[in-house]
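1. My questions are about this predicted structure, shown below with the sequence.
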Amino acid sequence: MNELLLRVKWRCQAGLLEGHELERVRRIPTENLNAYDFLLRGREYLSRFTKEANTQARQMYEKAIELDPQYAEAYAAVGWSYFLDWALQWSQDPQSLERASELAQKAITLDDSLPGAHILLGYVSLWKNRQHDLAIAEGERALALDPNNAEGYTTLANILTFAGRPEEAIVLLEKGMRLNPRAPNYFFYLFELGHAYHWLGQYEKAITLQKRVLLLNPNHFIAHLELAEIYNELGREEEARAEVAEAVKLNPQYSLEALRERHPYKDPAALERYLAAMRKAGMK
């Protein structure tokens, strides 16, 4: 258990909690501090953005559920790990996305006021069913529940970019980044911002942002793919091929077919443009 939780747990047992400490405990979404600790450990693993770390994160989240079967946030967190398995092709299990959907619904059943559950359901609605309007509604619901939730801004921005509204996405992303500039997954915010600038045609800004992503997290193979598409559109074919080669090295399972299944652009022409760039850059 991390140092903060150990201290809070000891002071709670000794009846020594002060007012500010009591308020902190009230904000912990479970009465079981050990379950909360497992959730925090899972988040740390998840931020590493690798197949192995994702599996370890799921194990932490599942331990949290074992300790507190009513822990809505833990169900949403497990669902997120299944979503990443599917989206990044870390698992070949065709049920991963369906499992993510079930866990999002379970979390909402336990606590409809939980922003993270609506964030997950927004992603599932977009990526599983291509329901852009429903996905946007879930992102807006998450922000209505917690206007200071940086992840909510990032989620809604991601959905809006795929829906062909990158200008709005940029405004949301910049607000989310101001709210949580030290997030363990800050590279994800940068990636989404680069993605939005890419679709606005502001290529140099997009390139700079994706390079920052890779400095913060060299495992982020999707950033390599983004760079490949941008370089291809700029006629820098050698650099595009190099980026695809790096992406495939990091995730050999990823393919053109995976890209077709997993990129929910509302405009079919946008998806075909992306696939054509990847094919030209050497992706099979």
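-> Received, thanks.
2. which ones are touching Leu179?
-> Neighbouring residues of Leu179 by CB atoms under 8 Å, 6 or more residues apart in numbering: 148-150, 153. The way it works is simple: take the backbone N, C-alpha and C, and place the C-beta from them, glycine included.
3. ok, these vs Ala100, which is closest?
-> Among these, Asn149 lies closest to Ala100 (CB to CB), at 19.4 Å.
4. Does the closest one touch Leu143 like I think?
-> Yes. With contact defined as CB atoms under 8 Å, Asn149 reaches Leu143; the gap is 6.6 Å.
5. shared neighbours of the two, which are they?
-> Counting by CB under 8 Å, 6+ apart, the common neighbours of Asn149 and Leu143 are Pro115.
6. ok, and the most crowded of the contacts of Leu179?
-> Counting neighbours by other CB atoms under 10 Å, Tyr153 comes out on top of the contacts of Leu179 with 27 neighbours.
7. residues contacting it?
-> By CB under 8 Å, 6+ apart, the contact set of Tyr153 is 143, 172-173, 175-176, 179.
8. What of Arg48?
-> Shown in contact with Arg48 (CB under 8 Å, 6+ apart): 217, 219.
9. picking up where we left off before, of the contacts of Tyr153 - the most surrounded one?
-> Taking other CB under 10 Å as the neighbour criterion, Leu173 ranks highest of those with 28 neighbours.
10. what's the helix or strand for it?
-> For Leu173, the element it lies in under DSSP states H and E is helix 166-179.
11. what's the following helix or strand after that helix?
-> Using DSSP H and E, the helix or strand that follows helix 166-179 towards the C-terminus is helix 186-199.
12. Apart from its neighbours in sequence, what residue is nearest Asn158?
-> Glu192 (5.4 Å; CB to CB, 6 or more residues apart in numbering).
13. So the one you found versus Leu179, what's the distance?
-> 14 Å (CB to CB, to the nearest Å).
14. what do you get for Glu257?
-> The spacing between Glu257 and Leu179, counted by CB to CB, is 37 Å.
15. Compute the inter-axis angle for the helix or strand hosting Gly152 and helix 166-179.
-> Element membership for Gly152 (DSSP H and E) is helix 150-162. Helix 150-162 runs at 160 degrees relative to helix 166-179, counting by axes from the mean of the first three to the mean of the last three CA atoms, to 10 degrees.
16. still on that earlier bit, farthest pair within the contacts of Tyr153?
-> Farthest pair in those (CB to CB) is Leu143 and Leu173. Separation: 12.8 Å.
17. Now do stretch 80-89: everything it contacts.
-> With contact meaning CB under 8 Å, 6+ apart, stretch 80-89 is reached by 42, 46, 51, 54-55, 57-58, 61, 90-91, 93, 96-97, 99-100, 103, 120, 123-124, 127, 221-222, 251, 253-255, 258, 262.
18. For the residues you listed, which PyMOL command selects only the ones that are buried?
-> What follows is the PyMOL syntax selecting those of the contacts of stretch 80-89 that are buried according to 16 or more other CB atoms under 10 Å:
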select buried, resi 42+46+51+54+57+58+61+90+91+96+97+99+100+103+120+123+124+127+221+222+251+254+258
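19. which ones among the contacts of stretch 80-89 are found in strands?
-> Within the contacts of stretch 80-89, no residue falls in strands by DSSP state E.
20. Which ones among the contacts of stretch 80-89 lie within helices?
-> Judged by DSSP state H, the subset of the contacts of stretch 80-89 located in helices is 42, 46, 51, 54-55, 57-58, 61, 96-97, 99-100, 103, 120, 123-124, 127, 221-222, 258, 262.
21. The residue nearest the centre of the chain and Asn217, how far apart?
-> Residue closest to the average C-alpha location in the chain (CA atoms, centre = their mean): Phe188, at 7.0 Å. Separation of Phe188 from Asn217 (CB to CB) stands at 8 Å.
22. okay, the helix or strand where Tyr82 lies in PDB with CA atoms only?
-> Assigned by DSSP H and E, Tyr82 belongs to helix 72-87. Output in PDB follows, covering the C-alpha atoms of helix 72-87 (Å, rounded to 0.1, in the frame of the first residue of the first chain):
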ATOM      1  CA  ALA A  72     -17.800   1.000  -9.600                       C
ATOM      2  CA  GLU A  73     -14.600   2.700 -10.500                       C
ATOM      3  CA  ALA A  74     -12.700  -0.600 -10.400                       C
ATOM      4  CA  TYR A  75     -15.200  -2.100 -12.900                       C
ATOM      5  CA  ALA A  76     -14.700   0.800 -15.300                       C
ATOM      6  CA  ALA A  77     -10.900   0.500 -14.900                       C
ATOM      7  CA  VAL A  78     -11.100  -3.200 -15.800                       C
ATOM      8  CA  GLY A  79     -13.200  -2.300 -18.800                       C
ATOM      9  CA  TRP A  80     -10.700   0.200 -19.900                       C
ATOM     10  CA  SER A  81      -8.000  -2.500 -19.900                       C
ATOM     11  CA  TYR A  82     -10.200  -4.700 -22.200                       C
ATOM     12  CA  PHE A  83     -10.800  -1.700 -24.400                       C
ATOM     13  CA  LEU A  84      -7.100  -1.100 -24.800                       C
ATOM     14  CA  ASP A  85      -6.500  -4.800 -25.600                       C
ATOM     15  CA  TRP A  86      -8.900  -4.500 -28.400                       C
ATOM     16  CA  ALA A  87      -8.100  -1.100 -29.700                       C
END
